[in-house]
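Colleague: Return atomic coordinates for the entry below.
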Amino acid sequence: MDKIDIVATGDIILGDDCDYLFDQARPLLQSADITVGQLEVTHTTRHSHAVSLGRTPQNLKPLADSGFDVLTLAGNHLMDYGQEGIEDTIAWLNEHQVHYLGAGMNLADARKPVVIERKQIRVGFLNYNCVGPRETWAGHEQPGNAYIHVITHYELDHANPGGTPKAYTFAEPKTMGWMREDIQKLQSECDYIVVALHKGLVHTPAELLDYEFQIAHEAIDAGADLVISHHSHILKGVEWYKGKPIYHGLCNGF
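Modeller: Numbers count the residues shown, from 1 in each chain. Here you go, the predicted model:
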C-alpha cells in the first residue's frame, strides 16, 4: 500500500487580510496529500460582533487557497454567533469544496465522519469537543457540535479543611460511548481513522489531565490510528500508545 502525507494544524482564527499569514506555510500545506485544521470560530455576516472582527465567510478564502481539505469545527466557540454562524460557515465550506466535520444542525449531523481517498487509501476523520460549554452541544433537534461530556470532581485529599483540593477529571460513559460507536462503525469504510479532540488546559505547559489520556486511549482502543488535539493554544507532548501516535496539542495554526 502506498503512503500518504497528512499535515494537521491547531486552532485557526482568521480576520481581514490574512492571506500573508500563509505565505511561508502554503507550500507545505499544498504539498500534503491531506491537510486538516481546526477552525476555532464560525464566520457570518449576520452577527455584528463577527463582522467587527472580520469573521465573515469571505475571509475563509486563504484556507481554500492554501489547500486545506478538512476543517474540524467542534469546539468551545462554535455557538459564539449562534445558529447563523454555523449555517454560514458550513455553506461557505460546501461552496468551496472544503470538507468539514464535528458540527451540524443536530447531533446526528455533527457526528458524521468525513472520508477522503488519496492514492487508493481511504482516511476517515471524526471530531469531538471535550471542553464544553453545554451551549455548544448538539441535540436531536438542536445545532451544535459532537461532544464528549467531561466531569470534574474536586477532592480534599489531606487533613486541611478549606485547603486546595485535587481535581479529578473523567469522561461521562454515555457520550464517550458515542465516540467508540462512531469509530467502530467507520472502520468498514476506510483504511485509517483519525480522531480530532478539542481538549486540554489552555496556555498551561506540559500538564495533561486524566481525561485527556482516558479519551485518547479509548479512541485508539476502539480502532483509531491517529489522535490529534487542539484548544490549549500551545504545543503539548506526543504519546505513543499501542504503537499509535497521540498528539496532545498542536498549538495554534493561524
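Colleague: quick one: residue 72 and residue 188, what's the gap?
Modeller: In this view, residue 72 and residue 188 are 22 Å apart by C-beta to C-beta, to the nearest Å. Just so you know, the C-beta spots here come from the backbone N, C-alpha and C atoms, and that holds for glycine as well.
Colleague: Compare the two and say which is more crowded by neighbours.
Modeller: Counting neighbours by other C-beta atoms under 10 Å for residue 72 and for residue 188 shows that residue 72 has the greater number, 33 against 7.
Colleague: Run through the bridge partners of the more buried one.
Modeller: residue 38, residue 101 (DSSP bridges).
Colleague: which residues sit in contact with it?
Modeller: 36, 37, 38, 39, 100, 101, 102, 125, 127, 196, 198, 230 (C-beta atoms under 8 Å, 6 or more residues apart in numbering).
Colleague: Could you rerun that using 6 Å?
Modeller: 38, 102, 127, 196 (C-beta atoms under 6 Å, 6 or more residues apart in numbering).
Colleague: If you drop the residues flanking it in sequence, what lies closest to the third one?
Modeller: Once its chain neighbours are removed from consideration, residue 127 has its nearest residue in residue 102; the separation is 3.2 Å (C-beta to C-beta, 6 or more residues apart in numbering).
Colleague: Against residue 78, how distant is the one you found?
Modeller: 8 Å.
Colleague: now residue 166
Modeller: Distance from residue 166 to residue 78, by C-beta to C-beta: 31 Å.
Colleague: who has more neighbours, the two?
Modeller: residue 78 (30 against 10).
Colleague: Can you show me the helices along this structure?
Modeller: Remark: helices assigned in the chain by DSSP state H are 26-31, 48-52, 61-65, 82-95, 107-110, 173-186, 210-222.
Colleague: Ok, which of those comes nearest residue 242?
Modeller: Between residue 242 and those, the tightest spacing by C-beta to C-beta is seen for helix 210-222, at 5.7 Å.
Colleague: For the closest one, which helices and strands make contact with it?
Modeller: strand 166-171, helix 173-186 (3 or more C-beta pairs under 6 Å, 6 or more residues apart in numbering; DSSP states H and E).
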